[in-house]
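Participant: Here is a sequence together with a model predicted from it:
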Amino acid sequence: MSYLICDNYTLLQVMSRFDLSLGFGDKTVQEVCRENGVDCRTFLAVVNFMIEDSDRMEDDVKDISMPSLMSYLKQAHHYFLDFCLPTIRRKLIEAIDCSTENEVAFLILKFFDQYAGEVRKHMDYEDVNVFTYVENLMTGRETGGFRISQFARRHDQIDATLTELKNIIIKYYPAKGNNHLLNAVLFDIFSCEQDLASHCRVEDYLFVPAVRRLEKEGK
């Protein structure tokens with residue numbers, strides 16, 4: 001496991017969302033997963049998806065544990081909504097001048113709050129509707145006629161507002177002295193955007209096909 005993380009540090013987020021902690025010594029991936037009650041095949045499916053940056057994951061879908069994958073996705077939602085976005089907002093307030101009549105600063109905060117609201121609405125829909133549907137599907141309960149295709153059709157990338165936010169900061173926020181703080185928060189915004197895009201791809205190319213497989217098996 002240590003070689004895996006050192007070779008690609010972005011997989012730290014995958015570990016965290018599977019509730020895998022650091023301090024595993026020289027244990028293998030399988031040993032770490034087994035000791036923490038994580039389905040190893042699902043963990044490796046997500047890891048391989050991240051590393052290979054591929055949209056063709058048919059071979060991995062059949063081995064996925066749906067409870068493990070949904071737990072991973074729910075933890076990702078918790079990370080974005082309760083940690084990542086609030087942290088970026090605090091850094092933004094620290095980095096820009098909100099103490100005077102600074103229209104650009106307030107516009108930056110407005111666009112960020114709008115974007116955070118869109119992300120929350122998007123993820124709340126998944127938590128309340130999509131995950132509940134899949135849980136009902138797995139247990140044979142009434143699904144209310146919902147199909148995963150409805151989610152797939154409305155699941156678009158929520159990046160238009162974030163693009164506007166980045167453009168405002170890069171093009172129009174006036175430089176005043178040392179910009180270390182502003183550059184750091186801009187870096188965090190780019191990282192968050194990339195992380196969210198990867199999260200959406202996991203849903204599109206691992207989660208949705210796995211749910212479709214469940215739907216076919218239920219016929």
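Facilitator: Received, thanks. Residues are numbered from 1 along each chain as shown.
Participant: list the contacts for Ile96?
Facilitator: Ile96 sits next to 102, 104-105, 108-109, 173, 182 when contact means C-beta atoms under 8 Å, 6 or more residues apart in numbering. Using the backbone N, CA and C atoms, a C-beta is placed for each residue, glycine as well.
Participant: how much space between Met138 and Phe49?
Facilitator: 22 Å (C-beta to C-beta, to the nearest Å).
Participant: Who has more neighbours out of the two?
Facilitator: Phe49 (20 against 14; other C-beta atoms under 10 Å).
Participant: How confident was the prediction at that one?
Facilitator: In this prediction, Phe49 carries a pLDDT score of 88.
Participant: what do you get for Tyr172?
Facilitator: At Tyr172, pLDDT is 84.
Participant: Show the backbone phi and psi for the closest residue to it other than its chain neighbours.
Facilitator: Closest residue to Tyr172 apart from its sequence neighbours, by C-beta to C-beta, 6 or more residues apart in numbering: Val104 at 5.6 Å. Phi and psi for Val104, reported as degrees, to the nearest 10, are phi -70, psi -40.
Participant: list the contacts for Val104?
Facilitator: Counting by C-beta under 8 Å, 6+ apart, Val104 has contacts 96, 168, 172-174.
Participant: Do I have it right that Thr143 meets Thr132?
Facilitator: No. Using C-beta atoms under 8 Å, Thr143 is not in contact with Thr132; the gap is 9.1 Å.
Participant: Tell me where the chain has helices.
Facilitator: 2-7, 11-17, 29-35, 40-52, 58-61, 66-79, 85-95, 103-125, 131-139, 148-154, 160-167, 180-202, 208-217 (DSSP state H).
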